[in-house]
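> how would this look folded up:
(chains A and B)
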Protein chains: 2
Amino acid sequence: MQERKLDPLGVPGPRGAARPGAEDESRPRRSGRVTAPERWVGRKLLEALGRPPLALMLWNGEEIACEGRGVVGRLRIHDRGALYRLLSRPGLEFGDLYAAGRVEVEGELPGILEAVYRSIGAGGGPGRPTRFARRLRRPPRAQTLLRSRRNIHHHYDIGNEFYELWLDAEAMQYTCAYFPLATLSLEEAQRAKLRHVCRKLELRPGESVVEAGSGWGGLTCHMAREHGVTVRAYNTSREQVAHSRERALREGLAGRVEFVEDDYRNIRGEYDVFVSVGMLEHVGPARYRQLGEVIHRSLKPRGRGLLHSIGRNRPAPLNPWIRKRIFPGAYPPTLGEMSEIFEPRAFSVLDVENLRLHYARTLEYWLERYEGQTERVRAMFDERFVRAWRLYLAGSVAAFRSGTLQLFQILFTRPDNNDLPWSRAHLYDRSE
Amino acid sequence: MQERKLDPLGVPGPRGAARPGAEDESRPRRSGRVTAPERWVGRKLLEALGRPPLALMLWNGEEIACEGRGVVGRLRIHDRGALYRLLSRPGLEFGDLYAAGRVEVEGELPGILEAVYRSIGAGGGPGRPTRFARRLRRPPRAQTLLRSRRNIHHHYDIGNEFYELWLDAEAMQYTCAYFPLATLSLEEAQRAKLRHVCRKLELRPGESVVEAGSGWGGLTCHMAREHGVTVRAYNTSREQVAHSRERALREGLAGRVEFVEDDYRNIRGEYDVFVSVGMLEHVGPARYRQLGEVIHRSLKPRGRGLLHSIGRNRPAPLNPWIRKRIFPGAYPPTLGEMSEIFEPRAFSVLDVENLRLHYARTLEYWLERYEGQTERVRAMFDERFVRAWRLYLAGSVAAFRSGTLQLFQILFTRPDNNDLPWSRAHLYDRSE
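Numbering: from 1, shown residues only, chains lettered A, B, ... in the order given. Alright, predicted model coming up:
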């Protein structure tokens, strides 16, 4: 596939090399002896990270660690340029330096990143952020249709075969699974997630559903097949839409599901149910009100809906490296920020469930499978890509484990819909 | 008790009479013939209410109704002064005129009020409110300790015997019950609510709990008795605290529960759990951040908490008559407004449940019992009080049925608490 030849990280390097000398970024360098100022920079770096239980090992083998802290892992910094870049913009530079192999981690990567997240979090004050922090926290610009499409293309159109290597085999769900029991397999938990979402929505045969952002069509086909509803799914990722249409055809559902390669803002028609699993992260807060209007005009008078999204406890953008290299334009909202979707049209929020630890578990599975497939990933892309995606997956495990990220499922309905179950017990009925 | 002699409605009338001629407000008056401008005013009034399925019957027996609408009930307006007052400030004047008997309702009161709420709600636009609506929606002023205390005294210190007439007999809970089955009795449903709250909080023997706003001590004693925790409960209502202390003594719990007659802002100490059922309505949005700080300093590192509060889908104050006569200073927040409590200290919201229809059912029970006790209420207060509280209870049934008010239970914890159940199934375990 030609798409594989695009540079999915947008990093100058062996493949996307644009500036002279860039290629030697990909291998560790020795930079000779360590000076006193460099030791000082190392200590500053650890302080800026909230004194994590981590040792820095510099290019000459010398170690720096915070006094009185145990050490769960070691960060090897192979050259002095890497050290200075880390201090200047750690959130951004660490990812690029790790991907290039100029920084390496000794120890269990998710655990070490979790320790860093926790030490940064522990220093977090009451919400009188510094000007620097406020600038960091500024939400991204409003997304035009074109920018949204480019952002989605950047992440999701790098080859379905790549995602097939490590997502669940059954429905290729690239969103948080649901583990009613911690011991479920990834496939079982992704199946349980589909059931959980559909139970919350109380789908009835013959109803119409509109889906905003449909991935590889796993939920779309499940709803049509198991609940006898018709689904129109909107998705701007060309590769995902192509894959989804094939799936629907294969499953004999072509008459009941329709995949529209278009933006959620172009949704037309009226439906009983609005569902969106893992798209809100790409919408951006400047468009929440508009999303609410789209839901308002798409829902019938007694309509109901569900949003499933990565979120935050307090407003903050994603890590800058993730935003730059992995998910351009993405933003995980707080529940307060999401209220811009619901409140202007007085949607009634019925149920919010936080599945944070379920996403940590899901990501552990993905990371484990990914690690078993790195040779094939290297053949599809290159070593830098292998390392970057390892860091992204391990960092996401750490972010959900440490409470830096949340996962919210929000069930809502029109304000005057009284056709509601008396409790949520039906979500936990084991007789099925 | 002396408190019974205070004027609990603050209305000039037979008991609180302050201005001459006020006493004749309490009986219907005939105002002679109806003029064309008065008919116009009647039609305008119906239009202002969103054309509800309601007929106005004027003092001469003449009826006005909206064309093409069925009629579910009749509003009898006994004099022309009442008609003009209704048009000028319907939300405020209707209550006083109804309490005074100058306006009467023929038909089922909650059903008729629900129809009015629905017709007003149906006219609600997207959230570009008029200047008038914005002024109406302005949240109340920040509450000083003194004003809070006065507001609480106004509502809760009018006599425990009064509340005993119509609240559940077991725990005197003046908050939304929980009906896992719609057929439960009030006592069963209030017991189920206590269990539901405690299951969400996963109380463990020996843990410490702080309760903000504790009513007549029903939850306080339940937690200590059933879960072996110690509870310190803060409450500014003198009568409630006195009643609660007696209850604890009677139940042999005096060593494990403590009732502090003080404001939530004066909570001291550190606890495993923070719980507040039915107090947030009295806090006011200007104090949400401060409440969050109180929770922050009261909770241990892995602490968790639950807030249970009346709420809204979109920001709006309570009905002005309710604010003036029944609940001074009260304000039902949206989830977005509540985020001011949680986000500054990065509390992690784990679970939000909307129990709106459960509050409608609870209020139906209260209203039914109240109607069976009106002779005793009249003896305690007067006819105006009997009518005012009938309207308040019936209007609340209508507000929850129509979706004008919501009831939110919000479970939260410190951001790095990973000691969480894998699902909410334990809330629905029937084996207990």
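> what ranges does the stretch 101-250 of chain A have for its strands?
A:103-106, A:208-212, A:230-234 (DSSP state E, counting those that start in this stretch).
> nearest to chain B, of those?
Closest to chain B of those, according to C-beta to the nearest C-beta: strand A:208-212, at 19.6 Å. C-beta here means a position set from N, CA and C on the backbone, and glycine is covered the same way.
> that closest one pairs with which strands, and in what direction?
With DSSP bridges as the test, strand A:208-212 is paired with strand A:230-234 (parallel), strand A:271-277 (parallel).
> rounded mean pLDDT for the last one, please.
Strand A:271-277 shows a mean pLDDT of 98 in the predicted model.
> mind listing what's buried along whichever helix or strand comes after that strand?
Toward the C-terminus, strand A:271-277 is succeeded by helix A:288-298 as the next helix or strand (DSSP states H and E). Buried residues in helix A:288-298, counted by 16 or more other C-beta atoms under 10 Å in any protein chain shown: A:Y288, A:R289, A:L291, A:G292, A:E293, A:V294, A:I295, A:H296, A:S298.
> for A:P328, what are its contacts?
A:R150, A:N151, A:H154, A:H155 (C-beta atoms under 8 Å, 6 or more residues apart in numbering or on different chains).
> nope, A:E170 is what I meant
A:E187, A:Q190, A:R191, A:G218.
> so which of the buried residues of helix A:288-298 also contact chain B?
A:E293, A:H296 (C-beta under 8 Å from any C-beta of the partner chain).
> can you give me the buried ones in stretch A:218-233?
Neighbour-count burial for stretch A:218-233 [16+ other C-beta under 10 Å]: A:218-224, A:227, A:229-233.
> so A:N354 is in contact with B:F342, correct?
No: between A:N354 and B:F342 there is no contact under C-beta atoms under 8 Å: 11.6 Å.
> joint contacts of the two?
B:V349.
> distance to A:G252 for the strands of the stretch 101-250 of chain A - can I get that in JSON lines?
What follows is those, written out as JSON lines (distance: least, C-beta to C-beta, whole Å):
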{"stretch": "strand A:103-106", "distance to A:G252": "48"}
{"stretch": "strand A:208-212", "distance to A:G252": "18"}
{"stretch": "strand A:230-234", "distance to A:G252": "14"}
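> and the ones you listed as a markdown table, adding mean pLDDT?
Shown next, in a markdown table, are these (pLDDT from 0 to 100):
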| stretch | mean pLDDT |
| --- | --- |
| strand A:103-106 | 96 |
| strand A:208-212 | 98 |
| strand A:230-234 | 98 |
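> out of those, which is closest to B:L49?
Nearest to B:L49, of all these, is strand A:208-212, at 34.0 Å by C-beta to C-beta.
> tilt between the closest one and helix A:288-298?
160 degrees (axes from the mean of the first three to the mean of the last three C-alpha atoms, to 10 degrees).
> list the contacts of strand A:208-212.
Contacts of strand A:208-212 (C-beta under 8 Å, 6+ apart): A:201, A:203, A:219-220, A:223, A:229-234, A:264, A:267, A:269-277, A:279, A:294, A:298.
> stretch A:52-67 now?
Here stretch A:52-67 has contacts from A:29-34, A:38-39, A:42-43, A:45-47, A:51, A:69-80, A:83, A:106, A:112, A:115-116, A:118-120, using C-beta under 8 Å, 6+ apart.
> how about the residues of the stretch 201-350 of chain A near chain B?
Going by C-beta under 8 Å from any C-beta, the residues of the stretch 201-350 of chain A near chain B are A:293, A:296, A:313-315, A:334-336, A:339-340, A:342-350.
> now, the residues you listed that are in strands?
A:S348, A:V349, A:L350 (DSSP state E).
> by neighbours, which of those residues wins?
A:V349 (26 neighbours; other C-beta atoms under 10 Å in any protein chain shown).
> what is the residue lying closest to that one once chain neighbours are set aside paired to in the beta sheet?
For A:V349, ignoring the flanking residues on the chain, the nearest one in space by C-beta to C-beta, 6 or more residues apart in numbering or on different chains is A:F412 at 5.0 Å. A:F412 has the following beta-bridge partners by DSSP bridges: A:G305, A:V349.
> how many other residues sit next to A:F412?
24.
> widest-spaced pair of the buried residues of stretch A:218-233?
A:G218 and A:T230 (16.9 Å).
> A:R245: which of the strands paired with strand A:208-212 is closest?
strand A:230-234 (10.0 Å).
> what's next to the closest one, contact-wise?
Contacts for strand A:230-234 (C-beta under 8 Å, 6+ apart): A:207-214, A:217, A:220, A:223-224, A:244, A:256-260, A:262-264, A:266-267, A:269, A:271.
> how much space between the closest residue to A:A48 other than its chain neighbours and A:R384?
Leaving aside its sequence neighbours, A:A48 sits nearest to A:P90 (C-beta to C-beta, 6+ apart; 6.5 Å). Look at A:P90 and A:R384: by C-beta to C-beta, to the nearest Å, they are 19 Å apart.
> neighbour count: the two, which is higher?
Neighbours per residue, other C-beta under 10 Å: of A:P90 and A:R384, the larger number sits with A:R384, 23 against 19.
> for the helix or strand the more buried one falls within, packing partners?
In this assignment (DSSP H and E), A:R384 forms part of helix A:383-402. Packing partners of helix A:383-402 (3 or more C-beta pairs under 8 Å, 6 or more residues apart in numbering or on different chains; DSSP states H and E): helix A:90-100, helix A:109-122, helix A:356-371, helix A:374-380.
> wait, A:R69 sits on A:L49?
No: at 11.2 Å, A:R69 and A:L49 do not qualify as touching, with contact defined as C-beta under 8 Å.
> neighbour-wise, which of the two wins?
Shown here are A:R69 and A:L49; by other C-beta under 10 Å, A:L49 has more neighbours (20 against 15).
> which residues sit in contact with the more buried one?
A:P90, A:V116, A:S119, A:I120.
> what is the least confident helix or strand in chain A?
helix A:131-137 (a mean of 47; mean pLDDT, DSSP states H and E).
> if we can go back for a sec, relative to chain B, how far out is the residue nearest to A:A48?
Using C-beta to the nearest C-beta, to the nearest Å, one gets 20 Å for the distance from A:P90 to chain B.
> next, count neighbours for the residue nearest to A:R387 when sequence neighbours are not counted.
Nearest non-adjacent residue to A:R387, counting by C-beta to C-beta, 6+ apart: A:A99, 4.7 Å away. A:A99: 27 surrounding residues under other C-beta under 10 Å.
> pLDDT value on the closest residue to A:V283 other than its chain neighbours, please?
Spatial nearest neighbour of A:V283, chain neighbours left out: A:L291 (5.7 Å); criterion: C-beta to C-beta, 6+ apart. At A:L291, the pLDDT value in this model is 98.
> for A:L291, what are its contacts?
A:Y264, A:L280, A:V283, A:I341.
> so what's the residue in the stretch 151-300 of chain A that chain B sits nearest to up against?
Relative to chain B, the nearest point of the stretch 151-300 of chain A is A:P180 (4.7 Å; C-beta to the nearest C-beta). By C-beta under 8 Å, 6+ apart, the residues touching A:P180 are A:A192, A:H196, A:Y428, B:W422, B:S423, B:A425.
> and what of A:R361?
A:A177, A:F179, A:A182, A:A189.
> other residues contacting stretch A:146-166?
A:1, A:3-4, A:6, A:8, A:10, A:143, A:172, A:174, A:216, A:236-240, A:243, A:263, A:282, A:326-330, A:366, A:369-370, A:373, A:376-377, A:380-381.
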